[in-house]
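> structure for the following, please:
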Amino acid sequence: MGTKHKSSSDPVNESKKRRRVGFSKIDAGIEANECIQIFLVSSKDEVDSPNSYQIEPVDLSPFFEDDGKIYGYQGLKITVWLSSISFHAYADISFESSSDGGKGITDLKSSLQNIFAENLVETKEDFLQTFSTEHNYVKTIVSNAEGLLKGTSNGCSGNSDSQLKEVPADIEVFRVTGTGVGHLYCRLVPLVLLLVDGSNPIDVTDPSWEIYILVQKGQEDSCIQLLGFAAVYRFHRYPDSTRLRLGQILIIPPCQRKGYGGILIKVLNNIAISDDVYDLTIEEPVESLQHVRTCIDVQRLLAFEPINQALNSAISQLKHENLSKKSQPCQCRPPANIVEDIRKSLKINKRQLVQCWEILIYVSLDPTEEKCMDNYKTIVSNRVKADVLGKDSESGAGKRLIDIPTQFDGDMSFAMFKSKDGEGSSVEKDVENEGNLEEQLKKLVDERMKQIKSVAEKVSVLPRL
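Numbering: from 1, shown residues only. So this is what the prediction gives:
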């Protein structure tokens, strides 16, 4: 008995065939930070150890393809071991399978070299060898560098700055210049790329760059550990002066929050004074760095007697006047002569001084005096508003806007003039936008007050210089 075969034109059979037809799934890729782990190790024994220190890197996507993803791998896992002795790195790459899912297959070696460059070694054996072949790397760098700071059992030797008298005995700071900058920075740049968001490597061919390294010496003289570094640019200021600009500063992750960054900042302050540069600036400091810097500068300013008279005058104004009722906004900025004296003596630039001045006033006030604190918040608010909206932000009440007949777009034709004797303004206001702006300004003022109180609390427990 034969079976009955359906013809190829059978609609049921055609339906089944159509259901079998499909397209392969396009590879969605994987974010680099989701499959890469980076560990900082100081010995062979720490490699593959579950107790190794794991680095939490910034966004790694800029180093992988155009859209920052890795394509062509299933079950991908990349473990990178980074030596804190020689700063070489090794990447252990494993995956279940690899295939082109429509976006190609990412060249992992090339992408990792975008971060680690020549520091990335080929094999694990070669990486483990570096702990013995280059265990004196930091010592070699130090031997060719200029010593700037050396801690002693009684404080810091050869240094007049009282802020550095408590430096531990095993801590030293050195300055690297010339060709040594390029050799050292090429080893350190992966740490910068991994840990400093939005960072770009410095131009090591420019002789104006200097690197200051903070090291810790062990019981054996050959055992020297690099704790952190700062890259500083020395540039000309017309007509015959120079300025120092801190471009990058980094403390090795396991050594952070132990005061080492503050030591580097204090050393740079000393260098700025001893070299008699115009001032010391910091390029786009992150919030944590700005906090440390401000704590240090406020402590220095509290010991700088020439500012006492101007500071007392500002405090007296807050105690005896009602600044919120004044027709013109008051900001209680430091006098021009004080700004110049501080720049010459302490190398603090004007912008930083204004930030510190507010804190100097705050630490001298009694927080229980309501009127005084209301006045203080008024000057902070005025300063923040001026920074955001410009110096003329409070003077709009004397301006008037009138329409001008025209054959062109009426919204684009108007005239503005400043009225006499502070006459009322006829400028129409966007109430909604103005409300949003006021809310944003209030948030900025609240954030600034929080920063001021944080620095004041920190400074209050520090010994006076």
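> from Gln299, how far off is the closest residue to Leu311 other than its chain neighbours?
Excluding the flanking residues, the one nearest Leu311 by C-beta to C-beta, 6 or more residues apart in numbering is Leu360, at 5.9 Å. C-beta here means a position set from N, CA and C on the backbone, and glycine is covered the same way. Applying C-beta to C-beta, to the nearest Å, one obtains 10 Å for the distance of Leu360 from Gln299.
> pLDDT below threshold where in the stretch 151-300 of the chain?
In the predicted model, the stretch 151-300 of the chain carries pLDDT under 70 at residues 152-162, 220-222.
> show me where it has strands.
If DSSP state E, counting those that start in this stretch is used as the criterion, the strands of the stretch 151-300 of the chain fall at 155-157, 171-176, 209-217, 224-237, 241-251, 280-282.
> got a list of what the residue nearest to Leu311 touches?
Listed by C-beta atoms under 8 Å, 6 or more residues apart in numbering, the contact set of Leu360 reads Val298, Leu301, Leu302, Ile307, Leu311.
> same list, these, but as TSV with distance to His291 please.
What follows is those, written out as TSV (distance: C-beta to C-beta, whole Å):
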residue	distance to His291
Val298	11
Leu301	16
Leu302	17
Ile307	22
Leu311	22
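> just these: which are in helices?
Assignment to helices by DSSP state H places the following of those there: Val298, Leu301, Leu302, Leu311.
> farthest pair in these?
Between any two of the ones in helices among the contacts of Leu360, the greatest separation by C-beta to C-beta is 11.7 Å, found for Val298 and Leu311.
> any idea which of the contacts of Leu360 is closest to Asp341?
For those, with Asp341 as the reference and C-beta to C-beta as the criterion, the closest is Ile307, at 7.7 Å.
> need the CA coordinates for the one helix or strand Asn375 maps to. CSV is fine.
For Asn375, the enclosing helix or strand under DSSP states H and E is helix 370-389. C-alpha atoms of helix 370-389 as CSV (Å, rounded to 0.1, in the frame of the first residue of the first chain):
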residue,chain,number,x,y,z
GLU,A,370,21.6,83.4,61.9
LYS,A,371,22.0,86.9,60.4
CYS,A,372,25.6,86.4,59.8
MET,A,373,25.1,83.0,58.1
ASP,A,374,22.3,84.4,56.0
ASN,A,375,24.6,87.2,54.8
TYR,A,376,27.3,84.6,54.1
LYS,A,377,25.0,82.5,52.0
THR,A,378,24.0,85.6,50.1
ILE,A,379,27.6,86.4,49.1
VAL,A,380,28.1,82.8,48.0
SER,A,381,24.9,82.9,46.0
ASN,A,382,25.9,86.2,44.3
ARG,A,383,29.3,84.8,43.4
VAL,A,384,27.8,81.6,41.9
LYS,A,385,25.2,83.6,40.0
ALA,A,386,27.9,85.9,38.6
ASP,A,387,30.0,83.0,37.5
VAL,A,388,27.1,81.4,35.7
LEU,A,389,25.3,84.4,34.3
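> report the buried members of the contacts of Leu360.
Neighbour counting by 16 or more other C-beta atoms under 10 Å classes Val298, Leu301, Leu302, Ile307, Leu311 among the contacts of Leu360 as buried.
> tell me which element the closest residue to Lys377 other than its chain neighbours is part of?
Distance criterion C-beta to C-beta, 6+ apart; nearest residue to Lys377, sequence neighbours excluded, is Met449 at 6.8 Å. Using DSSP H and E, the element containing Met449 is helix 431-460.
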